[in-house]
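> Sharing a model prediction with you, sequence too.
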Amino acid sequence: MENFVYDIPTKIYFGKGQIEQLPSLVSRFGKRVLLTYGGGSIKRSGLYDRVKALLHDCEIVELSGIDPNPRIESVREGARLCKEHCIDVVLAVGGGSTIDCSKVIAAAAKYDGDAWDLVEDGSKIESALPLIDILTLSATGTEMNTYAVITNFETKDKKGTGSYSCYPYASICDPTYTFTVPTNQTAAGTADIMSHTFEIYFQDKQGAFIQERLCEAVLNCCIKYLPIALAEPDNYEARANLMWASTTALNGLTAFGKSGAWTCHPIEHMLSAYYDITHAVGLAILTPRWMAYCLNEQTVDRFAMYAHHVWGIPYQEDRFQMARSAIDRTYAFFEEAGLPMTLPDVGIDTEFFEEMAERVAPRLTHAYVPLDAQDVVNILQDCMNKGVTYRSE
């Protein structure tokens, strides 16, 4: 296990009714609040009115319309509002996109240059306004980490950034706020949780026993509770466990001591930068195909471990059969959840495969299985048809 520093400053207020903490949390920083959110869902659910009522004595400036792939234009506008109104604290109400966007807004409000500079180089983030969030979607884990992903469609770039300053001060995680999330978003959010976990789990680092068992617990949670949440949207147990799985998957606990480059996320960032598709849907399409492409003598033992600990497949002499069964079940799980499972299903053809592959390949040279541009093209080609293709053992 590698050395690591455990330091997660975010306060989590988890459970029903925790929004009552909001006034005291905001008052620690002042009364001038930038309220950020996406579409109209928080108004339809009544959450918007509840926030406004709780903060009735605050001066609230609003930034709405934050997109599912948050755009640099929203960051720039948010930073402008913060500077113009001398904002004390940013309050993000929504899912990962709103919170990601708000993290970079909070940093850009303390920066004199263009906000995209901070996306290109997170080391330029030296400070940020305090950020509080109210989570409404179990997916990204951004409520308890430093990361944010922002898209620049002019340059077809989608990049992650972050710094210690970007940790939210506090996150209110009430599972009841996810009761009204549509089934397709619930399924996509769970695919995102699982993808974060896969990126950490499938690494060569040895000896991180606790972290690996935590990864498997997160995956088992998703497999157990997603079907229940889809069938019973207001099942509190299912929603609560998925919400905590979202947070746990990417707050560092599963990753401390076992660093490594990610694979499916960088490839998907290309897809959604070019085509503006739902990030987690792209991950669901890519992940089983990447697994099958990377199955070989060097990786089969870890895939067999995944098969046994996550899918309950008994250990057997034919480890490749175990691995293939687990990969097939992963594909079927996403498909049964109603997610699109081919690139044509989300309007993507082969036109930019080579261009995207050339751009992303330099980021994959130190991945779990290093990939070059042709490998990326091959994986994308596998995503054009239904099912999983096994190329080698």
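Now that the structure is in, tell me what you want to look at.

> Model confidence score at residue 393, please.
Here the pLDDT value assigned to residue 393 is 49.

> swap in residue 110?
For residue 110, the predicted pLDDT is 98.

> likewise the one 5 residues further on?
As summarised for this prediction, residue 115 has a pLDDT of 98.

> check contacts around the nearest residue to it once chain neighbours are set aside.
Counting by CB to CB, 6 or more residues apart in numbering, residue 115 lies nearest to residue 108, which is 3.9 Å off, once chain neighbours are set aside. In this view, the C-beta of every residue, glycine as well, is placed from N, C-alpha and C. Residue 108 sits next to 75, 76, 78, 79, 82, 115, 118 when contact means CB atoms under 8 Å, 6 or more residues apart in numbering.

> swap the cut-off to 6 Å and go again
With contact set as CB atoms under 6 Å, 6 or more residues apart in numbering, residue 108 has these partners: 75, 79, 115, 118.

> Equivalent analysis for residue 228, please.
Neighbours of residue 228 in contact, by CB under 6 Å, 6+ apart: 235, 238.

> try 10 Å
Neighbouring residues of residue 228 by CB atoms under 10 Å, 6 or more residues apart in numbering: 235, 237, 238, 239, 241, 242.

> looking at this, it is in a strand?
No - assessed with DSSP: H, G, I helix; E, B strand; the rest coil, residue 228 is helix; it does not lie in a strand.

> hey, where'd the helices end up in the stretch 151-300 of the chain?
183-201, 209-231, 236-249, 264-275, 279-294, 300-311 (DSSP state H, counting those that start in this stretch).

> Using TSV, lay out these together with distance to residue 344 and mean pLDDT.
Output for these, formatted as TSV (distance: least, CB to CB, whole Å; pLDDT from 0 to 100):
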stretch	distance to residue 344	mean pLDDT
helix 183-201	18	98
helix 209-231	24	98
helix 236-249	29	98
helix 264-275	12	97
helix 279-294	10	98
helix 300-311	27	97
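
> how about the ones you listed, which one is nearest residue 124?
helix 264-275 (20.2 Å; CB to CB).

> Which strands or helices does the closest one pack on?
When contacts are defined as 3 or more CB pairs under 10 Å, 6 or more residues apart in numbering; DSSP states H and E, helix 264-275 packs onto strand 147-152, strand 157-162, helix 183-201, helix 279-294, helix 353-360, helix 373-382.

> same thing but at 6 Å, please
Counting contacts by 3 or more CB pairs under 6 Å, 6 or more residues apart in numbering; DSSP states H and E, helix 264-275 packs against strand 157-162, helix 279-294, helix 353-360.

> Out of those, which one sits most buried?
helix 279-294 (a mean of 25; mean count of other CB atoms under 10 Å).

> So what touches that one?
Contacts of helix 279-294 (CB under 6 Å, 6+ apart): 188, 191-192, 195, 264, 267-268, 271-272, 327, 330-331, 334, 339-341, 369, 379, 382-383, 388, 390.

> can you give me the angle it makes with helix 183-201?
40 degrees (axes from the mean of the first three to the mean of the last three CA atoms, to 10 degrees).

> and helix 279-294, how far out from the chain's middle?
Mean C-alpha position of helix 279-294 versus that of the full chain (CA atoms, centre = their mean, to the nearest Å) differs by 14 Å.

> Can you get me a residue count around the nearest residue to residue 363 once chain neighbours are set aside?
Excluding its sequence neighbours, the residue lying closest to residue 363 (CB to CB, 6+ apart) is residue 266, at 4.7 Å. Residue 266 has 22 neighbours, counted by other CB atoms under 10 Å.

> what do you get for residue 204?
11.

> Check the one 4 residues further on too.
When neighbours are counted by other CB under 10 Å, residue 208 registers 20.

> What residues does it make contact with?
So residue 208 contacts 1, 257, 258 (CB under 6 Å, 6+ apart).

> same check, this time on residue 194
So residue 194 contacts residue 222 (CB under 6 Å, 6+ apart).

> Look up phi and psi at the residue nearest in space to the middle of the chain.
For the chain, residue 140 is the residue whose C-alpha lies nearest the centre (CA atoms, centre = their mean; 2.8 Å). Main-chain dihedrals, residue 140, degrees, to the nearest 10: phi -90, psi -20.

> what separates the residue nearest to residue 309 when sequence neighbours are not counted from residue 248, distance-wise?
Once flanking residues are discounted, residue 309 sits nearest to residue 216: 4.6 Å by CB to CB, 6+ apart. Distance of residue 216 to residue 248, given as CB to CB, to the nearest Å: 12 Å.

> higher neighbour count, these two?
residue 248 (21 against 18).

> between the helices and strands packed on helix 264-275, which one is nearest to residue 50?
Of the helices and strands packed on helix 264-275, nearest to residue 50 by CB to CB is helix 279-294, at 27.2 Å.

> then the closest one to CSV, C-alphas only?
Output in CSV follows, covering the C-alpha atoms of helix 279-294 (Å, rounded to 0.1, in the frame of the first residue of the first chain):
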residue,chain,number,x,y,z
HIS,A,279,-21.6,11.3,-19.0
ALA,A,280,-22.7,8.2,-17.1
VAL,A,281,-24.5,6.7,-20.1
GLY,A,282,-21.2,6.9,-22.0
LEU,A,283,-19.5,5.2,-19.1
ALA,A,284,-22.1,2.4,-19.1
ILE,A,285,-21.5,1.8,-22.8
LEU,A,286,-17.7,1.9,-22.6
THR,A,287,-17.1,-0.1,-19.4
PRO,A,288,-18.0,-3.6,-20.3
ARG,A,289,-16.3,-3.3,-23.7
TRP,A,290,-13.1,-1.9,-22.0
MET,A,291,-13.2,-4.8,-19.5
ALA,A,292,-13.5,-7.4,-22.3
TYR,A,293,-10.7,-5.7,-24.3
CYS,A,294,-8.4,-5.7,-21.3
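
> Give me the angle between that helix and strand 157-162.
Interaxial angle, helix 279-294 versus strand 157-162 (the same axes, to 10 degrees): 100 degrees.
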